[in-house]
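# I'd like to go over a predicted model; first the sequence, then the structure.
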Amino acid sequence: LILLAVLCVVATPHVAESKVLVSLREADTIALFDDSGNSMGNFVSAGSGGLDGPVGMTYGPDGNLYVSSFYGNKVLRYHGTTGAFLDTFVASVFHPSDLKFGPDGNLYVASFGDLLDQPPAAMPTIGTDVKRFNGATGVPIDTFATGLQMPAGLDPKHLETDLRTKLPDPEEAQISIQVV
């Protein structure tokens, strides 16, 4: 079993210490850890709101958590402090991975485009995109950048390496870190 995870260090406005959210792509959950790496259970329960293959996540200007559903081909919005499903924020984006709100207030989403629809011979040269969506409504604006080779980590930050050892299988984890 290969475990794929995404880390996001979260300083919530109502809690003094940092929390770490870990996106478990194959388990379809967002796990919660305290700042010492102790599990606090799931922040978003398995499959909540149609969550299927969570990869990237970020807190929006509204204080809610936005999660890319890689296999579900959408971006979902969850309550920022309870993890309860709120709505589908972006209804259609092919294999979204990382995502971030820009200084313009819009949401930027790294997408694998039509990568999987290409013939095997074209796979090494196929590019992917960064899509831009209205940050208030989720309505598509445009393709911000195209022809990129598997974009991810739109705003990565370094994290203490000892946290990586808290994951069930740190050697098999795909980790993208974002401090918000």
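Everything's here; your move.
# quick one, phi psi at Gly50?
Here is the backbone geometry of Gly50 (degrees, to the nearest 10): phi 90, psi 20.
# Could you report the distance from it to Thr88?
7 Å (C-beta to C-beta, to the nearest Å). To be clear about C-beta, it is placed using only N, CA and C from the backbone, and glycine gets the same treatment.
# Comparing those two, which residue is more hemmed in?
Counted by other C-beta atoms under 10 Å, Gly50 and Thr88 do not tie: Thr88 has more neighbours, with 16 against 13.
# If you tally nearby residues, what's the number for the residue nearest to the more buried one when sequence neighbours are not counted?
Take Thr88 and drop its neighbours on the chain: the residue closest to it by C-beta to C-beta, 6 or more residues apart in numbering is Lys74, 5.4 Å away. Using other C-beta under 10 Å, Lys74 has 23 neighbouring residues.
# Verify the contact between Lys74 and Ala91 for me.
Yes: taking contacts as C-beta atoms under 8 Å, Lys74 lies within contact range of Ala91: 5.8 Å.
# re the thing from before, identify the bridge partners of the residue nearest to Thr88.
Beta-bridge partners recorded for Lys74 (DSSP bridges): Ser69.
# and if you look at Asp87?
With DSSP bridges as the rule, Asp87 is bridged to Arg77.
# elements contacting the strand ranked longest in the chain?
Scanning the chain for the longest strand, with DSSP state E as the assignment, gives strand 140-148. Judged by 3 or more C-beta pairs under 8 Å, 6 or more residues apart in numbering; DSSP states H and E, strand 140-148 is in contact with strand 128-133.
# Please identify the pairing partners of the strand it packs on and their relative orientation?
strand 107-111 (antiparallel), strand 140-148 (antiparallel).
# What distance do you get for the residue nearest to Thr88 to Pro96?
The gap separating Lys74 from Pro96 is 7 Å, by C-beta to C-beta.
# what touches both of the two?
Val90 (C-beta atoms under 8 Å, 6 or more residues apart in numbering).
# hmm, back to that, avg pLDDT for the longest strand of the chain?
Mean per-residue pLDDT for strand 140-148: 81.
# how about Gly138, what does it touch?
Applying C-beta under 8 Å, 6+ apart, the residues contacting Gly138 are Val75, Thr88, Phe89, Val90, Ala91, Leu107.
# er, Tyr66 actually
Applying C-beta under 8 Å, 6+ apart, the residues near Tyr66 are Met57, Thr58, Tyr59, Gly60, Val75, Leu76, Arg77, Tyr78, Phe89, Leu99, Phe101, Leu107.
# Understood, closing this out.
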